[in-house]
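Trainee: From the sequence below, what's the structure:
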Amino acid sequence: MTRSLLLVVLLFGLFSFPKSIAVTTDVSTDSTTPSSDTFVVPARIVTSGDAWNGYLAFGLWQYNSTDLSPLHAYLVVMTTNGRLLYLRRSNGLPSYWPVKYISQDTLMFMGEPNSSATHFWNTRTNKTLDFMNVWGHHDIEYNPITRTFLTLRDYIRIINGRNVLMDKIVELSATGDVLWSWDTYTDGNFSLNDECPCNDTAGSSSGYLPGPTLIDLTHSNSLQWEFDKNIIYLNMRAQNTFCKIDKTTSQTIWCLGEHGNFTLYDANGKRVSSLWYHAHDVREVKPDVFLMFDNDYHNTTMPCQQEFNGTGLHSRMLEIGVNEQTMTAYELWSWSAPSAFWTPYWGSVNQLPNGDMIGAFGANSHYVPNSGGAELVEVNMKGDVVRSYTFPYGWGIYRIEPISLRSVDSYDGAMHTSEFTISLSTLNSLASVEDIYYRINNGTTKSVSVDGQPLITTQGTNNTLEYWSVDKTGIEEKPHRLLTGIRLTANTTSTLMQSSSFDNPWTSSAIIVCIVGAILLASVYSVKPRRRRNVESAR
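Mentor: Got it, this is the predicted structure:
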């Protein structure tokens, strides 16, 4: 299914659930929601290159700077230059784990008032749609076609007398009914033989769950659901492995990583046992190319860390190429952060419309001397840092969601025989649109508000239209959109008349009438039989 069709489905179907399965609330009545006038995003922003302009949405977690005890969680929507647009707050942690932009003006998040429940928040109307029985951990996906959710749930399984924390992928209805599931143990076939040698545990000792200490065997933390193919990609942090799953058959197609089916090669072409260590946020960004945030935690090429200690460790943004025919995978591109940004937990990476990568090195402490808090970094493909966001010690971010200011056009690709207008409109303008600008065939810059929608008047088969939106905060859509192959031609008769060089002042219509009349008259004479002389009667 195309992205445009998905957008239409979202816009017209997002808020059409029956009232019995969701609760609508007005955020403005929630006393935990602070005014954007009283809150300042505590980040120092440094722009040192040609950086992307757009919007960022993320959960921002505040911890006590003395002992890192939790204080507050905020859901922040801001421009890339730091201007705060929308804000929510929760006094409970964790909250706002994954935050995703699912349609025009609408964010999906897991969080307040229940830290694991799911909500849709329309930033424009300040209304929320609450799905209190749709809950899980770490990640969630929403399918606008089936109107179902995909998330992760953990459970305790006793294996060989040991308490083991395992995961399931579950598909949920809006009322929370489980419609489908896939188990990392029974379907993924991961066993205690695959346990991390660095003693990954959860439970009372780690603060993750109450009760006895558990072996954290898989620690699933990210999902990607390709709706058109019904394919799921699941990342398992503790396994240093992610899997491709056919949801229709519930079969695992392959797994890639330390416990996968692929031969792995690093950037130098050297065969390695693992390309990453305890990664987050794995997703396919184009066919056979995957992005991930490599935490570089419990890196088994060096002694296991007995406690968080970032000395010599480097989290990074990593791009991986996959060849399913040869069952090989290899590092395509990476950017390693300095050890001062080391992030043993959390983290994300996204590719931006301008081709740059933005990473969230989001740990509230990087466990090095004079550590700061979360660090967001935009890096171009040459490895140059073009913009950074530095948060104070104690402020953490799980993931970020870049949102692009985007323009669209109405051109259908058809050949037109008379001048015509192409309508331009804007999507995702979280700060309201100032105007849409355009240039036809590299001509002068015009705007919709002053000059109207673009009018195509030049005959040809490759007219061009460059266009872009600018919002009221000064965010300009980059790169500009470029529409090519716009076709305009006259019909055959009028083209013939324009190329004729009559000297008399006849109109085109008069000429056409004369030509048609002459043709008809000629046709009459050409078919009328000549009268023959009766030769025999003359004799």
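Trainee: how many neighbours does G161 have?
Mentor: G161 sits with 5 neighbouring residues when counted by other Cβ atoms under 10 Å. Just so you know, the C-beta spots here come from the backbone N, C-alpha and C atoms, and that holds for glycine as well.
Trainee: L291 and C243, how far apart?
Mentor: Using Cβ to Cβ, to the nearest Å, one gets 16 Å for the distance from L291 to C243.
Trainee: Look at the two and report which has more neighbours.
Mentor: Comparing L291 with C243 by neighbour count (other Cβ under 10 Å), the higher total belongs to C243, at 26 against 22.
Trainee: That one is in contact with Q224, isn't it?
Mentor: No. C243 sits out of contact with Q224 when judged by Cβ atoms under 8 Å, with a separation of 11.1 Å.
Trainee: now the helices for the chain?
Mentor: Counting by DSSP state H, the segments of the chain that form helices are 3-13, 448-451, 492-499, 508-527, 535-538.
Trainee: ok, now which ones touch the residue nearest to V76 when sequence neighbours are not counted?
Mentor: Once flanking residues are discounted, V76 sits nearest to L60: 5.0 Å by Cβ to Cβ, 6 or more residues apart in numbering. With contact set as Cβ atoms under 8 Å, 6 or more residues apart in numbering, L60 has these partners: 41, 73-76, 96, 374, 391, 395-397.
Trainee: Number of residues surrounding S181?
Mentor: Around S181 sit 14 other residues, with neighbours defined as other Cβ under 10 Å.
Trainee: where's it relative to T473, distance?
Mentor: Distance of S181 to T473, given as Cβ to Cβ: 44 Å.
Trainee: again with P287
Mentor: Here the distance between P287 and T473 works out to 35 Å (Cβ to Cβ).
Trainee: neighbour-wise, which of the two wins?
Mentor: Neighbour count, other Cβ under 10 Å: between P287 and T473, T473 has more, with 19 against 6.
Trainee: Now that one: closest residue in space that isn't a chain neighbour?
Mentor: Looking at T473 with Cβ to Cβ, 6+ apart, the closest residue is A431, at 4.6 Å.
Trainee: That neighbour: neighbour count?
Mentor: Taking other Cβ under 10 Å as the criterion, the count of residues near A431 is 18.
Trainee: Look up phi and psi at it.
Mentor: Comment: the main-chain dihedrals of A431 come out as phi -110, psi 20, following degrees, to the nearest 10.
Trainee: Tell me who's in contact with it.
Mentor: Shown in contact with A431 (Cβ under 8 Å, 6+ apart): 55, 79, 83, 85, 471-473, 475.
Trainee: Low-confidence regions, the stretch 251-400 of the chain specifically.
Mentor: Under the criterion of pLDDT under 70, the regions of the stretch 251-400 of the chain flagged as low confidence span 306.
Trainee: show me where it has strands.
Mentor: When secondary structure is read from DSSP state E, counting those that start in this stretch, the stretch 251-400 of the chain shows strands at 251-257, 263-265, 271-272, 280-286, 289-294, 316-323, 328-336, 348-351, 357-361, 375-379, 385-390, 395-403.
Trainee: Could you pull out the buried residues of the second one?
Mentor: For strand 263-265, the neighbour count (16 or more other Cβ atoms under 10 Å) marks 264-265 as buried.
Trainee: residues making contact with it?
Mentor: 257, 271-275, 327-331.
Trainee: quick one: low-confidence ranges for the stretch 401-539 of the chain?
Mentor: Within the stretch 401-539 of the chain, the segments meeting pLDDT under 70 span 490-539.
Trainee: picking that back up, with distance to N309 added, can I get the strands of the stretch 251-400 of the chain in JSON lines?
Mentor: As requested, those are exported to JSON lines (distance: least, Cβ to Cβ, whole Å):
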{"stretch": "strand 251-257", "distance to N309": "24"}
{"stretch": "strand 263-265", "distance to N309": "26"}
{"stretch": "strand 271-272", "distance to N309": "23"}
{"stretch": "strand 280-286", "distance to N309": "19"}
{"stretch": "strand 289-294", "distance to N309": "18"}
{"stretch": "strand 316-323", "distance to N309": "18"}
{"stretch": "strand 328-336", "distance to N309": "17"}
{"stretch": "strand 348-351", "distance to N309": "23"}
{"stretch": "strand 357-361", "distance to N309": "16"}
{"stretch": "strand 375-379", "distance to N309": "18"}
{"stretch": "strand 385-390", "distance to N309": "21"}
{"stretch": "strand 395-403", "distance to N309": "18"}
